[in-house]
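Trainee: return atomic coordinates for the entry below.
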Amino acid sequence: MRYDLFNQPIIPEFDILRIPYQGSKNSICIDLFRKMLELKPNAKYFVDLFGGGGAMSFTALQIGLHVQYNDKQTTMVNFIQYIVDRIQRGHKGKFGLFPDEFYKFITREKFCELKKEDSILSQFAKICYSFGNNQRSFLFSDTENLKHLGHNIVIFKCEDSLKELNKLLGTKIKLSNALDWNNRRLDFIKQVRQLQQLEQLQRLEQLQRLQQLEQLQQLQRLQRLQQLEQSEQFKILNLDFKNVKIKTPIAETIVYLDPPYRNTGGYQEKIVHSEVDDYFRDSPYTCFMSEYNAPFKSILEIEKLKLMNNSQAKKSIAIEKLYINKDASMFLTIKNGLSYAPPTVNWKRV
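Mentor: The predicted structure is shown next:
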């Protein structure tokens with residue numbers, strides 16, 4: 001962590017990296033760090049007890065903190081370790097970060113087989129091909145064939161798939177000349193959007209369904225993890241949150257808890273919230289917790305769209321709250337005759 005002349009943390013510009021995951025904090029992580037660093041400007045260590053898809057841990061690492069990522073879901077922990085190992089060893093496939101077989105389209109039948117396994121490919125499938133990142137339900141219904149054809153056109157530049165798609169839709173979509181598949185994906189989406197403006201209503205629904213190749217959007221987010229540099233500052237643990245041993249100095253450590261929220265469902269790992277509350281209350285460390293409704297002092301509230309009801313005309317708003325286990329006023333001290341202000345942050349969401 002670097003500091004300016006006023007001893008305030010300097011946060012460089014970077015992409016927000018994460019694994020697509022239910023409950024991810026990617027859209028608000030900078031706001032959360034801004035508030036936490038406002039109260040703990042001398043923090044050097046970040047302990048993420050419910051790490052999930054890693055958005056908070058990866059952001060902390062990019063900021064310059066030493067990070068302990070922990071999650072109880074073994075398959076997710078193994079998947080993150082697998083990605084980190086491939087980055088550190090410089091391993092890549094023909095199409096990017098993962099082995100070539102990962103870039104083949106996963107059908108509903110294959111997805112149902114894989115989700116019963118305990119493997120890296122299984123976790124990959126549940127991340128890229130599950131509805132709402134719930135890791136259980138297959139992403140597509142009656143659009144599976146269209147998405148499969150679009151996938152083969154983008155990834156493999158498959159002319160047979162292109163002919164079949166154009167025949168089904170009565171269109172004249174062309175193969176992209178872009179060298180990498182993500183730019184071919186963007187070109188494909190651009191062509192479909194242009195067709196939407198020209199076509200009659202009877203084809204509009206099919207084109208709308210084809211417009212987004214969701215599984216490739218998720219895969220592109222995973223690919224961006226290649227930006228992570230080799231670092232000894234990132235430790236990965238697979239423990240119950242209560243069993244994580246924290247030995248770093250209290251004054252320089254942020255402990256962050258993002259457990260499955262009360263009165264919400266869909267998470268693979270169940271949690272006893274009274275145990276989380278007891279840990280949070282009794283820890284000698286400065287702990288912050290993300291929740292909707294926890295029995296502690298809220299120090300930050302952020303409006304956030306609920307993503308699980310995107311099909312509804314009127315979007316629902318959730319109030320994400322950040323809680324602290326200490327008296328926040330004890331942190332608001334005067335340094336060198338100057339009051340502390342939050343760090344300036346330059347970032348962009350991907």
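Trainee: doesn't F46 fall inside a helix?
Mentor: No - assigned with DSSP: H, G, I helix; E, B strand; the rest coil, F46 falls outside any helix and is strand.
Trainee: that one: neighbour count?
Mentor: For F46, the tally of surrounding residues (other C-beta atoms under 10 Å) stands at 26. C-beta here means a position set from N, CA and C on the backbone, and glycine is covered the same way.
Trainee: what about the closest residue in space to it that isn't next to it in sequence, which SS state?
Mentor: For F46, ignoring the flanking residues on the chain, the nearest one in space by C-beta to C-beta, 6 or more residues apart in numbering is A60 at 3.9 Å. Of the three states, A60 takes helix according to three-state DSSP.
Trainee: from P259, how far off is A60?
Mentor: Distance, A60 to P259, using C-beta to C-beta, to the nearest Å: 18 Å.
Trainee: these two: which is more packed in?
Mentor: A60 (28 against 24).
Trainee: wouldn't the more buried one be in contact with D48 here?
Mentor: Yes - proximity of A60 to D48 meets the contact threshold set by C-beta atoms under 8 Å, at 7.2 Å.
Trainee: joint contacts of these two?
Mentor: Here A60 and D48 have V67 as joint contacts, going by C-beta atoms under 8 Å, 6 or more residues apart in numbering.
Trainee: for H66, see how far away the residue nearest to S137 when sequence neighbours are not counted is.
Mentor: Here the nearest residue to S137 in space, its sequence neighbours aside, is F131; by C-beta to C-beta, 6+ apart that works out to 4.3 Å. Plainly put, F131 is 36 Å away from H66 if you go by C-beta to C-beta.
Trainee: neighbour count for the two, which is higher?
Mentor: H66 (20 against 14).
Trainee: in the stretch 151-300 of the chain, which spans are strands?
Mentor: Assigned by DSSP state E, counting those that start in this stretch, the stretch 151-300 of the chain shows strands spanning 234-237, 253-257, 286-291, 297-305.
Trainee: which one of those strands has the lowest average pLDDT?
Mentor: Among the strands of the stretch 151-300 of the chain, strand 297-305 carries the lowest mean pLDDT, at a mean of 87.
Trainee: pull out the buried positions in the host helix or strand of Q81.
Mentor: If you go by DSSP states H and E, Q81 is part of helix 74-89. For helix 74-89, burial by neighbour count (16 or more other C-beta atoms under 10 Å) applies to 75-80, 83-84, 86-87.
Trainee: got a list of what the residue nearest to F46 touches?
Mentor: So A60 contacts 33, 46, 48, 67 (C-beta under 8 Å, 6+ apart).
Trainee: so can I have CSV of these showing pLDDT?
Mentor: Below are those laid out as CSV (pLDDT from 0 to 100):
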residue, pLDDT
F33, 93
F46, 97
D48, 98
V67, 96
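Trainee: right, so of the strands of the stretch 151-300 of the chain, which gets closest to Q212?
Mentor: Among those, the nearest to Q212 by C-beta to C-beta is strand 297-305 (17.3 Å).
Trainee: remind me what that closest one packs against, helices and strands.
Mentor: helix 29-39, strand 317-324 (3 or more C-beta pairs under 8 Å, 6 or more residues apart in numbering; DSSP states H and E).
Trainee: and the angle for it with strand 286-291?
Mentor: On the basis of axes from the mean of the first three to the mean of the last three C-alpha atoms, to 10 degrees, strand 297-305 is oriented at 40 degrees to strand 286-291.
Trainee: please, which helix or strand holds V67?
Mentor: Going by DSSP H and E, V67 is in strand 66-70.
Trainee: what pairs with that strand, parallel or antiparallel?
Mentor: Here strand 66-70 has these sheet partners by DSSP bridges: strand 45-48 (parallel), strand 234-237 (parallel).
Trainee: got the buried residues for the first one?
Mentor: Taking 16+ other C-beta under 10 Å as the neighbour-count basis, strand 45-48 is seen to contain the buried residues 45-48.
Trainee: now do the last one
Mentor: In terms of neighbour count (16+ other C-beta under 10 Å), strand 234-237 has its buried residues at 234, 236-237.
Trainee: coming back round to it: now do the contacts for the residue nearest to S137.
Mentor: 137-139.
Trainee: can you tell me which of those residues has the most neighbours?
Mentor: Using other C-beta under 10 Å as the neighbour test, the contacts of F131 are led by L139, with 21 neighbours.
Trainee: good, wrapping up.
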